[in-house]
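Peer 1: generate coordinates for the sequence data below:
(chains A and B)
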Protein chains: 2
Amino acid sequence: MSLAARVRNFIEQRGLLRPGDAVVVGVSGGPDSLCLLDVLCRLDWRLTVHAAHLNHGLRAEAGREAEFVRAEAAARGASFHLASVDTRAYASAHRRSVEEAARELRYDFLARVTAQTGAQTIAVAHTADDQAETVLMHFLRGSGVAGLRGMLPKSGKGEQPVIVRPLLIAARSEVEAYCTERGLQPMRDPTNADTTYFRNRLRHELLPALETYNPNIRTTLARTAEVMAGEHELVLRAVDALWDEIACAGTEAVTLHRARWRARSVPEQRALLRRAVQLLRPGLRDIDFAPLEAAVRFSRDAQTGRVCDLADGLCLAVDYESIVLREWSGVTLEAAVPQLKADGRLAEGWEFRAFPVAGWSPEESTPWRVFVDARALAQPVGLRRRRDGDRFQPLGLAGHHVKVSDFLINRKISAPLRAGWPLVVCGEAIVWVAGLRLDERFRITDATQAVVGLEFGRTPV
Amino acid sequence: MSLAARVRNFIEQRGLLRPGDAVVVGVSGGPDSLCLLDVLCRLDWRLTVHAAHLNHGLRAEAGREAEFVRAEAAARGASFHLASVDTRAYASAHRRSVEEAARELRYDFLARVTAQTGAQTIAVAHTADDQAETVLMHFLRGSGVAGLRGMLPKSGKGEQPVIVRPLLIAARSEVEAYCTERGLQPMRDPTNADTTYFRNRLRHELLPALETYNPNIRTTLARTAEVMAGEHELVLRAVDALWDEIACAGTEAVTLHRARWRARSVPEQRALLRRAVQLLRPGLRDIDFAPLEAAVRFSRDAQTGRVCDLADGLCLAVDYESIVLREWSGVTLEAAVPQLKADGRLAEGWEFRAFPVAGWSPEESTPWRVFVDARALAQPVGLRRRRDGDRFQPLGLAGHHVKVSDFLINRKISAPLRAGWPLVVCGEAIVWVAGLRLDERFRITDATQAVVGLEFGRTPV
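Peer 2: Numbering: from 1, shown residues only, chains lettered A, B, ... in the order given. I've put the predicted structure just below:
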């Protein structure tokens, strides 16, 4: 069956485009996007097609590619839109990798062209092979259902333009065959700049290796994406029902009904908390497993008045009747977190203890209770406030030194709270920025023989 | 932290065992199971431990291994239970691979010992590495959420004994270190008979390769299992709610409310249908994607009175107000499926057509509408009843020839329906065992240039 006919059916069945639509097509000039442009222009659906090409400013041939796309668009009666950007400058200004920067700039550009032309939809040329690679990449990174959906045939939410992917049902080899058959001569990008080194290795080494385990691995993975998209819908349905019962969302905070929260299972709480974070941080791609698990444990166990860190400047505060997810900077109540007074003593109502532990498991850690290697503690631990120039080695950053003040500011912890923030120290070394992060040097390893627990709690009344 | 303490915590937190329990431990004599036996016997929980060893009859050393396990059990005050089976004979009698047969026989044996001793629980020694391999294997085979959960810390439903896996939090290397430290000298099985060739390749080739993409891949995959177990719970919750609204389960059939069914989305229908099949076929490990999708499409589009094949002898029948999943053998109403009369004509009310197709996509196939390669049809197609000795090459069986009568009997289609079952033929060749399976030789391939559709339908009134 011809590729064009299958793409047409896919567009119809999934409602990607309708006759008469105006659509912006991202065209790099490579085989995939050239094929997409050609198929859409021949669709005979009275589409208004805008070909949009972004010069990323990464390679010398970029100018030639733009002219090529301009000519191909003109030959098909499509309008042509061009912009040039300095991807490397953007990447360094926004602390992105070059690939991430290129991606963001490209989608920004496509959205701009969509707005300028009054088009409804952006079409991009991802194939079934791209989909297989995406699913595999997410799998290797440990994604849940949401990530294993891969790329959706139709995506975009809220006020963003709709993005459609009509070639998701086509293998890369089919696209190449189409180009040959139609006499198209796409540009070849020798560096494949749109593709990361990681993805290139997946494509050229890992997927061929996986084919020796399952010869249809690409089809299988593309189908996994489809199955997961369906299961994700069911998960969303379940979370919707829970959300209405338990959560109340504002623009700066999400409030959870504490008694109803406690009646739910861990997976339900995990899903609700993830949704709450997404609401307050729509830009955050995903939240890591470990802080989410710690926050869930905290929400189940913590006493009234306690606060724990969650992600990206957000914290979870346990109140009498509710649990509130909000900005750290919005936390003003000093009673919510243990504070050290100017004389170095803990504020009224709080206590700190260090205690030897017989049986330990990571599941018992919470933001305010951690476990460290006893052997690393050469002296008894103590508490003190932050001093200028304080640095520590946050767990998980491979031994990098970070300024404690930067660390607290990044967490969006307000200045008054920062001043009294408790540090657990052992001699000169900072063991634990309490409530937030352990120091790498004190963590428990396979070689640990004895464990010490460190904990902040409310003084028993 | 010591392995024993971590295992103990895991057992406590997940409620795998309680003090005073009687537990049957499967002990092959290898490092994992010897470690598990040792840890459980030293747990000081007043457990009654039964060591159970099955001689699979596959290797000459098996007798020596049994004696070894007997001595290790005795040294720890555990009782010892031994049985011998002929795995190869069982495998050939039940059409299983040797590995599948070994697995089934092993769990049967453990369940038997559990019943004989009055124990509550079976403990097996799967480690975090086994878990990572299982998740990866399911991923390569295209599993959804249910499969990517891997092995559960605690499983077993209905009247089956509970199976627990206390070592799931331990890496294989930790188990080896434990054995060394405790002076245990496990038996080494050079052929690793419990492990398939496929799994061995995963272990020794693929996982090390994946570590070059993600150095923590084993931990990541073990965590994926945990995340998926949580998401699976949410999916189940969503399906529970739908089920109560739409489905009514009997012992031999599941009835679905047709109007409410039609109001649901495809992923919801897919999940409901999967659950219905699991209810009627609890032994069926999973249902393939393609027949499930075809059945979902059928349930949405089919006219009243139509029946389609689903899996393992089950069919889906569309009635006026309901859709019924039941045994094919329970289908008596001849009007439900197109039947050929003795003179070769289609029964009243049915028609068959073959038609050229311009744009085709696999999504348009249903059990009663298929698409074939026009070039493979050297003559016009016709209909006839089954003759003695008829054979065809069912799609997906790599060209193997299968007797049509065996095929129909395996589908549990009743004798009267079998007699009049319509075969679509082209000369001497069987093109399609209608409603059930296409012949391999007529399928659409990448080389297909023209497509013919074949369809059974009700005569318009």
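Peer 1: low-scoring pLDDT stretches of the stretch 51-200 of chain A, where are they?
Peer 2: Counting by pLDDT under 70, the stretch 51-200 of chain A contains low-confidence ranges at A:158, A:190-196.
Peer 1: residue in it nearest to chain B?
Peer 2: With CB to the nearest CB, the shortest gap between the stretch 51-200 of chain A and chain B falls at A:G142, namely 4.0 Å. Any C-beta I mention is one placed from the backbone N, CA and C, and that applies to glycine too.
Peer 1: burial measure for A:H400, as a count.
Peer 2: Neighbouring residues of A:H400 were enumerated by other CB atoms under 10 Å in any protein chain shown; the total is 11.
Peer 1: next: the one 5 residues further on.
Peer 2: A:S405 has 16 neighbours, counted by other CB under 10 Å.
Peer 1: contacting residues around it?
Peer 2: Taking CB atoms under 8 Å, 6 or more residues apart in numbering or on different chains as the criterion, A:S405 is in contact with A:386, A:388, A:390, A:418.
Peer 1: would you tell me which residues of the stretch 51-200 of chain A are close to chain B?
Peer 2: Residues of the stretch 51-200 of chain A lying near chain B by CB under 8 Å from any CB of the partner chain: A:139-145, A:148, A:169, A:174, A:198.
Peer 1: just those now: which is nearest B:L36?
Peer 2: A:G142 (26.7 Å; CB to CB).
Peer 1: name the helix or strand for the residue nearest to that closest one when sequence neighbours are not counted, please.
Peer 2: Closest residue in space to A:G142, ignoring its immediate chain neighbours: B:T220 at 4.0 Å, by CB to CB, 6 or more residues apart in numbering or on different chains. Per DSSP states H and E: B:T220 is located in helix B:217-246.
Peer 1: model confidence over that helix, on average?
Peer 2: Averaging pLDDT along helix B:217-246 yields 91.
Peer 1: and stretch A:287-296, what's buried?
Peer 2: Going by neighbour count (16 or more other CB atoms under 10 Å in any protein chain shown), the buried part of stretch A:287-296 is A:287, A:289, A:291-296.
Peer 1: same check on stretch A:375-382?
Peer 2: Using 16+ other CB under 10 Å as the test for burial, stretch A:375-382 gives A:376-377, A:381.
Peer 1: out of these, who's nearest chain B?
Peer 2: Among the buried residues of stretch A:375-382, A:A376 lies closest to chain B (CB to the nearest CB), at 14.0 Å.
Peer 1: and the nearest residue to the closest one once chain neighbours are set aside, how close does it get to A:V425?
Peer 2: On the basis of CB to CB, 6+ apart, the spatially nearest residue to A:A376 that is not a chain neighbour turns out to be A:F442, at 4.6 Å. Distance of A:F442 to A:V425, computed by CB to CB, to the nearest Å: 11 Å.
Peer 1: of those two, who's got more company?
Peer 2: Taking A:F442 and A:V425 together and counting by other CB under 10 Å, A:F442 has the greater number of neighbours (26 against 18).
Peer 1: I figured the more buried one hits A:V372, correct?
Peer 2: Yes. Applying CB atoms under 8 Å, one finds A:F442 in contact with A:V372, separated by 4.1 Å.
Peer 1: overlap in contacts of those two?
Peer 2: Counting by CB under 8 Å, 6+ apart, the contacts common to A:F442 and A:V372 are A:431-432.
Peer 1: the buried residues of stretch A:287-296 in helices, which ones?
Peer 2: Secondary structure assignment (DSSP state H) places A:289, A:291-296 from the buried residues of stretch A:287-296 within helices.
Peer 1: if we check chain B, which of those residues are in contact?
Peer 2: A:F289.
Peer 1: can you put the ones in helices among the buried residues of stretch A:287-296 in CSV and add pLDDT?
Peer 2: Supplementary listing: those in CSV, determined by pLDDT from 0 to 100:
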residue, pLDDT
A:F289, 79
A:P291, 82
A:L292, 87
A:E293, 85
A:A294, 85
A:A295, 89
A:V296, 91
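Peer 1: before we move on, back to that, gap between the residue nearest to A:G142 and B:G420?
Peer 2: Using CB to CB, we find B:T220 at a distance of 55 Å from B:G420.
Peer 1: same question, A:S414
Peer 2: Separation of A:S414 from B:G420 (CB to CB) stands at 80 Å.
Peer 1: can you check A:A271 too?
Peer 2: Here A:A271 is placed at a distance of 51 Å from B:G420 (CB to CB).
Peer 1: those two: which is more packed in?
Peer 2: Neighbours around A:A271 and B:G420, counted as other CB under 10 Å, are more numerous at A:A271. The numbers are 26 against 17.
Peer 1: how far off helix B:217-246 does the host helix or strand of the more buried one point, in degrees?
Peer 2: With the criterion set as DSSP H and E, the secondary-structure element containing A:A271 is helix A:266-280. Helix A:266-280 and helix B:217-246 meet at an angle of 100 degrees, taking axes from the mean of the first three to the mean of the last three CA atoms, to 10 degrees as the criterion.
Peer 1: hmm, who's touching helix A:266-280?
Peer 2: The set of residues that contact helix A:266-280 without belonging to it, under CB under 8 Å, 6+ apart, is A:235, A:238-239, A:242-243, A:246-247, A:249, A:252-254, A:256, A:261, A:264, A:284, A:287, A:292-293, A:295-296, A:299-300, A:310-312, A:314, A:316, A:325-326, B:229-231, B:233-234, B:237.
Peer 1: equivalent analysis for stretch A:207-214, please.
Peer 2: Contacts to stretch A:207-214, defined as CB under 8 Å, 6+ apart, come from residues A:132-133, A:136, A:217-218, A:220, B:140-142, B:198, B:201-202, B:206, B:209.
Peer 1: could you dump it to CSV, C-alpha only?
Peer 2: Written as CSV, here are the backbone C-alpha positions of stretch A:207-214 (Å, rounded to 0.1, in the frame of the first residue of the first chain):
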residue,chain,number,x,y,z
LEU,A,207,18.3,-0.8,18.0
PRO,A,208,20.2,-3.1,15.6
ALA,A,209,21.4,-5.1,18.6
LEU,A,210,17.8,-5.3,20.0
GLU,A,211,16.7,-6.6,16.6
THR,A,212,18.7,-9.8,17.3
TYR,A,213,16.3,-10.3,20.3
ASN,A,214,13.1,-9.2,18.5
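Peer 1: if we can go back for a sec, and which of the contacts of A:S405 is nearest to chain B?
Peer 2: The shortest approach to chain B among the contacts of A:S405 belongs to A:D390, at 29.4 Å (CB to the nearest CB).
Peer 1: return the per-residue confidence for the residue lying closest to that closest one once chain neighbours are set aside.
Peer 2: Take A:D390 and drop its neighbours on the chain: the residue closest to it by CB to CB, 6+ apart is A:V404, 4.1 Å away. Per-residue confidence for A:V404 comes out at a pLDDT of 93.
Peer 1: repeat that for A:G359.
Peer 2: The confidence metric pLDDT takes the value 65 at A:G359.
Peer 1: how about A:T220, what does it touch?
Peer 2: A:214, B:140-142 are the contacts of A:T220 under CB under 8 Å, 6+ apart.
Peer 1: would you list the residues you listed in CSV and tack on distance to A:Q120?
Peer 2: CSV is the format used below for those (distance: CB to CB, whole Å):
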residue, distance to A:Q120
A:N214, 39
B:L140, 39
B:R141, 39
B:G142, 34
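Peer 1: would you reformat those as CSV and include neighbour count, distance to B:G15 and secondary structure?
Peer 2: Rendered in CSV, the data for the contacts of A:T220 read as follows (neighbours: other CB atoms under 10 Å in any protein chain shown; distance: CB to CB, whole Å; DSSP: H, G, I helix; E, B strand; the rest coil):
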residue, neighbour count, distance to B:G15, secondary structure
A:N214, 16, 37, coil
B:L140, 18, 32, helix
B:R141, 15, 31, helix
B:G142, 19, 32, coil
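Peer 1: which one of the residues you listed is nearest to B:V23?
Peer 2: B:R141 (31.8 Å).
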